[in-house]
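Participant: Pasting a predicted model and its sequence here:
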Amino acid sequence: MKKCLFPVAGYGTRFLPATKSMPKEMLPIVNKPLVQYGVEEAIQAGLTDIAFVTGRGKRAIADHFDISYELEHQIAGTSKESYLDSIRNVINSGTFSMTRQREMKGLGHAILTGEVLVGREDAFGVILSDDLCQNNGGDGVMQQMVKLYKQFRCSIVAVMEVPSDEVDKYGVIVGTELNKGLFRVESMVEKPPVDEAPSNLAVIGRYILTPDIFDILRDTKPGKNGEIQITDALNRQAADGCVMAYKFKGRRFDCGSVPGFVEATNFVFEHFYDQ
Ligand code: G1P
């Protein structure tokens, strides 16, 4: 397994006006854009072929994962050069490809759009960079999931318990617990009303998907909010017994919301900022 898909076409309306002409994925958590945290997590997991499903107005993401000749030339040999260490490491460790999603038809549609980049040879990771995950120096969440994939060879979703009045923001799973924190998923539902949710185990933005998901997605009708939902496609795989849900180790920050973004900023500043 080498590939990781990043759906990054969303508008980021909750951060307007900051995101009017800048991709939300480029908003910095301290001194690093949100999307770089996700890409570093993928690379740590050995997923070095990074595939972005982008959209209009997202060129800054492609530029970020390339050299900036003039800037690098200017600061070469000065004390400022070390500021580029983290992004140079990322660029030297991976390959980066992009395709555009022309219409916003949901996460399932974004993933299907990425088929041309990830192909059908192997399972692949999906990281929603809005969810910033940290596991203090230990295996990142994607790495934890890759290890599980090697054991089960099924699609895997990362889950966490959320307060029961927040389940309507997430895909929610029902499953049988095999080991502590590891479930075989029986069914999944996208953003159920709070009083109809089958559990409080919510899917966060980390997935490993087997490539048969593409045919299922092609055949998936628009669901919640009229969008093609990855949750609905996974629910079909779950009916065949091949979706696992994993309560990951570490913390997750919802950087798609302003409070989560601020919390992540404070956390990273306190624990990781060293320049
Ligand atoms: C998406 C998925 C949802 C999942 C969530 C995790 O929703 O559709 O199932 O729980 O990501 O962040 P979104 O947050 O894009 O509305």
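Facilitator: Perfect, I can see it now. Residues are numbered from 1 along each chain as shown.
Participant: just the strands in the stretch 51-200 of the chain please.
Facilitator: Applying DSSP state E, counting those that start in this stretch to the stretch 51-200 of the chain gives strands spanning 95-100, 124-127, 131-134, 155-161, 171-179, 182-190.
Participant: gap between the third one and the chain center?
Facilitator: Centroid displacement of strand 131-134 relative to its chain, using CA atoms, centre = their mean, to the nearest Å, is 9 Å.
Participant: can you tell if it touches the ligand?
Facilitator: Yes. Shown here: strand 131-134 in contact with the ligand (CB under 6 Å from any ligand atom) through Asp131. No exception for glycine: its C-beta is placed from N, CA and C like everyone else's.
Participant: Tell me which other helices or strands that strand touches.
Facilitator: helix 34-44, strand 201-209, strand 251-254, helix 258-271 (3 or more CB pairs under 8 Å, 6 or more residues apart in numbering; DSSP states H and E).
Participant: Mind checking those for the one nearest to Cys242?
Facilitator: Among those, the nearest to Cys242 by CB to CB is strand 201-209 (10.8 Å).
Participant: anything in the following helix or strand past that closest one sitting right up against the ligand?
Facilitator: Toward the C-terminal end, the helix or strand that comes next after strand 201-209 (DSSP states H and E) is helix 213-218. No. On the criterion CB under 6 Å from any ligand atom, helix 213-218 is out of touch with the ligand, staying 12.9 Å away.
Participant: which other residues reach the helix or strand following helix 213-218?
Facilitator: The helix or strand immediately downstream of helix 213-218 is helix 230-239, counting by DSSP H and E. If you take CB atoms under 8 Å, 6 or more residues apart in numbering as the criterion, helix 230-239 is touched by 106-108, 111, 126, 154-155, 157, 171, 185-190, 203, 207, 209-210, 212-213, 216-217, 220-221, 223-224, 243.
Participant: So for helix 230-239, what gets flagged as buried?
Facilitator: For helix 230-239, a neighbour-count test (16 or more other CB atoms under 10 Å) marks 230-238 as buried.
Participant: The ligand: which of those residues is nearest?
Facilitator: Comparing the buried residues of helix 230-239 against the ligand with CB to the nearest ligand atom places Thr231 closest, at 4.7 Å.
Participant: possible to save the strands of the stretch 51-200 of the chain as CSV with mean pLDDT and distance to Phe15?
Facilitator: Listed next are the strands of the stretch 51-200 of the chain as CSV, based on pLDDT from 0 to 100; distance: least, CB to CB, whole Å:
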stretch, mean pLDDT, distance to Phe15
strand 95-100, 97, 21
strand 124-127, 98, 19
strand 131-134, 96, 14
strand 155-161, 98, 23
strand 171-179, 96, 23
strand 182-190, 97, 23
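Participant: could I get the ones you listed as JSON lines with mean neighbour count?
Facilitator: Shown next, in JSON lines, are those (neighbours: other CB atoms under 10 Å):
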{"stretch": "strand 95-100", "mean neighbour count": "15"}
{"stretch": "strand 124-127", "mean neighbour count": "28"}
{"stretch": "strand 131-134", "mean neighbour count": "22"}
{"stretch": "strand 155-161", "mean neighbour count": "23"}
{"stretch": "strand 171-179", "mean neighbour count": "17"}
{"stretch": "strand 182-190", "mean neighbour count": "21"}
